[in-house]
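S.K.: Everything below, folded, please.
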Amino acid sequence: MSLIAQFQPHTFSTIPEDGSVCWQSPSNIALVKYWGKHGQQLPRNASISFTLRNCHTTTALHYQKKEGNDFQFEVFLDGKREEGFEPKILKFFERVEPYFPFLRKYMFQIETSNSFPHSSGIASSASGMSALALCLLSIERSLTPEMTEDFFNQKASFIARLGSGSASRSISGPLVVWGTHPKVEGSNDLFGIEYPYPVHHRFKNYQDTILLVDKGEKQVSSTLGHDLMNDHPYAQNRFAEANKNLEKLQPIFEGGILSEFIKIVESEALQLHAMMLASDPSFILMKPNTLEIIQRIRTFREETGSNACFTLDAGANVHLLYPEFEKERVQDFIENQLKSLCANGEFIHDAAGMGAFKIG
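M.R.: Next up, the predicted model:
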């Protein structure tokens, strides 16, 4: 049976009249970046990320049987109707309908909230779409009690990917690989897997402080950015480099080699933004304070021997990564040298987490 075929649904003779389910799912930060996709949300290269602990979305899904054969749902963010989110949810429902035959049989009320401010500049698509996928899987599991935990997590990641590629990496943790890689057993393009190899204690409970440089909406969406990789002159080299870097991380994780971890993670961040700079049309998501923070991190590392390093998502914010044993020193550095470069002096302390969990 193919990987996709195993996610095809059973035929349910009866479904409940109504119900509700609630999940909390985190965001994640990629160490090796995925940038460029094909088909239906499939990655051009493998990626690996730290699942986060504190930056998460909580989604409650209420459902009630209805008449008619159309999709019906309403979305609420922090208790207020958000009709602007509904076209994206409709597109998601259309994509995942083949795997959930009950979608048109219910009226859904989707109530969602983020642990981070909506205007913080942190992308909520990974946490939000994975939380919604988990809610839908919970409905299916209630109708299929023999479903195993492994299958549940695989299909949840598969479904989350159809809403947001990076959401596939938010189901479990602390390290998740998404995308086929010949050196990572079990890796595939359809869903994320927990990193299957040894990890040194230095990488356990790794810290991530998110420095909020710019809280506005991005000038170029991630979707458009991915599309621009289709005709990018450096795309093939970039995809190959990402896969090489993921392979290089295996002995680094096992041996706790922080100096080599820093080289790869920072290079990956800069390559991501280099692809944006070299796109046609080109675009720049970094801000002046992004570059200033990067320079200060490098100077701090040179002067103190710290193992702190930066990575970037597809935006202006800087993720400052550091081992737990440096927590006090690095957080003093943030207060003294980096806070003033953040929008309104705002940042979020986070750390690697274990993934999503059901709360109702």
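S.K.: Does residue 106 touch residue 67 like I think?
M.R.: No: under the criterion of C-beta atoms under 8 Å, residue 106 makes no contact with residue 67, lying 11.1 Å away. The way it works is simple: take the backbone N, C-alpha and C, and place the C-beta from them, glycine included.
S.K.: Let's test this: mean pLDDT of the longest strand along the chain, rounded?
M.R.: Determined from DSSP state E, the single longest strand within the chain is strand 47-65. If you average the pLDDT over strand 47-65, you get 98.
S.K.: The stretch 51-200 of the chain: strands as residue ranges?
M.R.: Using DSSP state E, counting those that start in this stretch, the strands found in the stretch 51-200 of the chain span residues 72-77, 80-81, 106-114, 175-178, 193-194.
S.K.: on contacts alone, who are the packing partners of the first one?
M.R.: Counting contacts by 3 or more C-beta pairs under 8 Å, 6 or more residues apart in numbering; DSSP states H and E, the secondary-structure elements packed against strand 72-77 are helix 86-96, strand 106-114.
S.K.: about what we covered before: just put the strands of the stretch 51-200 of the chain in JSON lines and tack on mean pLDDT and distance to residue 137.
M.R.: Converted to JSON lines, those look like this (pLDDT from 0 to 100; distance: least, C-beta to C-beta, whole Å):
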{"stretch": "strand 72-77", "mean pLDDT": "97", "distance to residue 137": "17"}
{"stretch": "strand 80-81", "mean pLDDT": "96", "distance to residue 137": "25"}
{"stretch": "strand 106-114", "mean pLDDT": "97", "distance to residue 137": "14"}
{"stretch": "strand 175-178", "mean pLDDT": "98", "distance to residue 137": "17"}
{"stretch": "strand 193-194", "mean pLDDT": "98", "distance to residue 137": "17"}
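S.K.: hey, which of those is tucked in deepest?
M.R.: Compared across the strands of the stretch 51-200 of the chain, strand 175-178 shows the largest average neighbour count, a mean of 25 (mean count of other C-beta atoms under 10 Å).
S.K.: Would you list the strands that that strand pairs with, along with their directions?
M.R.: Sheet pairing of strand 175-178 (DSSP bridges) gives strand 47-65 (antiparallel), strand 193-194 (antiparallel).
S.K.: which one of those strands lies closest to residue 293?
M.R.: With C-beta to C-beta, the closest approach to residue 293 among the strands paired with strand 175-178 belongs to strand 47-65: 18.5 Å.
S.K.: how far does that closest one sit from the chain's center?
M.R.: When distances are taken as C-alpha atoms, centre = their mean, to the nearest Å, strand 47-65 is centred 10 Å away from the chain's centroid.
S.K.: hang on, the earlier thing: would you turn the helices and strands packed on strand 72-77 into CSV with distance to residue 352?
M.R.: Shown next, in CSV, are these (distance: least, C-beta to C-beta, whole Å):
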stretch, distance to residue 352
helix 86-96, 27
strand 106-114, 19
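S.K.: Tell me which of the ones you listed approaches residue 224 most closely.
M.R.: helix 86-96 (14.6 Å).
S.K.: what number of residues lie near residue 198?
M.R.: Other residues near residue 198 come to 10 when the count uses other C-beta atoms under 10 Å.
S.K.: Would you mind confirming that it is in contact with residue 256?
M.R.: No: counting by C-beta under 8 Å, residue 198 does not reach residue 256; the two are 10.1 Å apart.
S.K.: Specify the local secondary structure of residue 29.
M.R.: Taken by DSSP: H, G, I helix; E, B strand; the rest coil, the conformation at residue 29 corresponds to strand.
S.K.: Please tell me how far it sits from residue 87.
M.R.: To residue 87, residue 29 is 27 Å away according to C-beta to C-beta, to the nearest Å.
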